[in-house]
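Asker: one predicted model, sequence on top.
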Amino acid sequence: MLKPGALWVLGAMSGTSLDGVDAAMLLTDGERILELGDSAYRPYSEAERAVIRAGFGCWPGEAAAQAAAEVVETAHAELLSRFPGADLVGFHGQTLAHDPGGRGTHQAGSGAVLAQRLGVPVVWDFRSADVQMGGQGAPLAPFFHFACARRISADLPLAFLNLGGVGNLTWVDPRQSAPEAPGACLAFDTGPANAPVNDLMQARRALTQDEGGRLAAEGRVEEAVLEQFLRHPYFFRMPPKSLDRNAFPALSEAVAGLSDADAAATLTAACAAAVARGAEHFPTPVSRVLVCGGGRHNATLMAMLAERLACEVQPVEAVGLDGDMLEAQAFAFLAIRVARGLPTSGPSTTGVSALVGGGQISRPD
Ligand SMILES: Nc1ncnc2c1ncn2[C@@H]1O[C@H](COP(=O)(O)OP(=O)(O)OP(=O)(O)O)[C@@H](O)[C@H]1O
Ligand SMILES: CC(=O)N[C@H]1[C@@H]2OC[C@@H](O2)[C@@H](O)[C@@H]1O[C@H](C)C(=O)O
């Protein structure tokens with residue numbers, strides 16, 4: 001096991017929106033963030049995206065999953081080889097299927113293959129151990145959010161909100177001694193975030209996203225759809241809880257008869273309303289919600305969040321963090337925690353039965 005001491009760790013994440021791979025260097029000992037390093041992004045080509053998309057819902061051993069894994073490994077090897085000087089790599093891979101109460105969780109891409117290609121030890125398969133111990137296997141960024149709160153010298157409870165394909169919220173009390181300390185973190189997925197709007201834009205306008213939330217800004221929110229959406233049993237479950245990307249098909253069906261603008265407005269409001277519902281679970285109120293992930297570029301969504309949350313809502317850039325790279329940095333941080341034998345999730349972040357250090361380490365020959 002690695003002794004205490006800081007390393008330059010390279011983290012990589014391929015998110016549910018399937019745009020590409022983010023990678024970021026972090027100088028960390030797994031407890032503190034000592035320095036934020038370089039970062040880079042590699043988009044998937046249309047052809048690569050199609051292969052990965054064909055693997056959605058597939059489990060290891062299935063041909064479509066294997067094809068997706070090869071694309072994921074190649075894209076990561078290409079991007080990560082651009083970073084000299086990494087002592088360790090944290091490789092999340094691409095989630096193809098997530099069914100924590102059933103078949104488990106599946107991230108495509110082998111850390112063993114990557115370690116071989118990069119010549120650096122790789123920590124990977126972060127979610128399986130948590131799921132095997134009865135946890136949701138997600139979200140895993142919360143222990144990193146705790147370190148971020150300490151890094152920005154926060155002295156009161158605050159929340160981090162990630163708006164990717166799915167939304168996830170972490171309540172953090174930076175006055176606690178460590179992220180695994182009782183009362184330090186509470187985390188869960190809030191509901192769908194950008195995924196339904198992206199799907200709508202794709203279907204109706206052949207676009208990948210609602211740029212800046214401009215279409216949603218022109219529309220009217222259909223309150224009846226919103227009310228029906230908020231009756232979904234997910235919102236009545238106590239956290240921690242996590243979601244698959246396509247867990248809310250009825251929401252997209254419910255806007256089928258609306259104009260493009262009204263549908264975009266309604267789906268955007270659904271994301272904000274789900275976050276507001278989530279915030280009702282906070283152990284104590286927060287002074288601010290710091291937003292990362294692509295949804296922070298959607299001005300309509302940010303305005304709807306500010307309206308629904310009784311506190312300041314700001315992009316993480318307001319405190320000097322990089323909202324596009326927070327997840328990649330999180331997997332760098334989690335990688336060194338695995339290497340040092342520190343836990344990466346616990347009962348209050350994934351609902352797992354005890355603290356767990358998820359992830360396996362593969363070393364090059
Ligand atoms: N300028 C923008 N205007 C509107 N929406 C945007 C903009 N930029 C990004 N987004 C939204 O953010 C999404 C990408 O977010 P992000 O990269 O955080 O997702 P991800 O990491 O793949 O997902 P997850 O965190 O769920 O795994 C895009 O698909 C789009 O919906
Ligand atoms: C199973 C899975 O890959 N979940 C992702 C997804 O994207 C956002 C949300 O859903 C979160 O649960 C998680 O990712 C982040 C990085 C996490 O684990 O914290």
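Answerer: The structure has been received and is ready for your questions. Ligands and ions are numbered 1, 2, ... in the order given.
Asker: closest residue of the stretch 51-200 of the chain to ligand 1?
Answerer: G164 (2.1 Å; Cβ to the nearest ligand atom). For the C-beta atoms, the positions are set from N, CA and C on the backbone; glycine is no exception.
Asker: for the spatially closest residue to that residue that is not a sequence neighbour, give me its contacts.
Answerer: Closest residue to G164 apart from its sequence neighbours, by Cβ to Cβ, 6 or more residues apart in numbering: G293 at 4.5 Å. With contact taken as Cβ atoms under 8 Å, 6 or more residues apart in numbering, G293 is in contact with 15, 161-164, 193-194, 323, 326-327.
Asker: those residues, buried ones only, as a PyMOL selection?
Answerer: Provided next is the PyMOL selection string for whichever of these are buried by 16 or more other Cβ atoms under 10 Å:
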select buried, resi 15+161+162+163+164+193+194+323+326+327
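Asker: any idea how far ligand 2 is from the residue of the stretch 1-150 of the chain found nearest ligand 1?
Answerer: Nearest residue of the stretch 1-150 of the chain to ligand 1: G15, at 2.1 Å (Cβ to the nearest ligand atom). Counting by Cβ to the nearest ligand atom, to the nearest Å, the gap from G15 to ligand 2 is 6 Å.
Asker: same question, T28
Answerer: Here the criterion is Cβ to the nearest ligand atom. By it, T28 lies 17 Å from ligand 2.
Asker: now E253
Answerer: 21 Å.
Asker: show me what the one helix or strand that residue maps to is packed up against.
Answerer: Assigned by DSSP states H and E, E253 belongs to helix 249-254. Judged by 3 or more Cβ pairs under 8 Å, 6 or more residues apart in numbering; DSSP states H and E, helix 249-254 is in contact with helix 195-205, helix 223-229, helix 260-279.
Asker: now do the contacts for the residue of the stretch 51-200 of the chain closest to ligand 1.
Answerer: 15-17, 193-194, 293-295, 327.
Asker: kindly recompute the last result at 7 Å.
Answerer: 15-17, 193-194, 293-294 (Cβ atoms under 7 Å, 6 or more residues apart in numbering).
Asker: tell me the one of those residues nearest ligand 2?
Answerer: T16 (4.8 Å).
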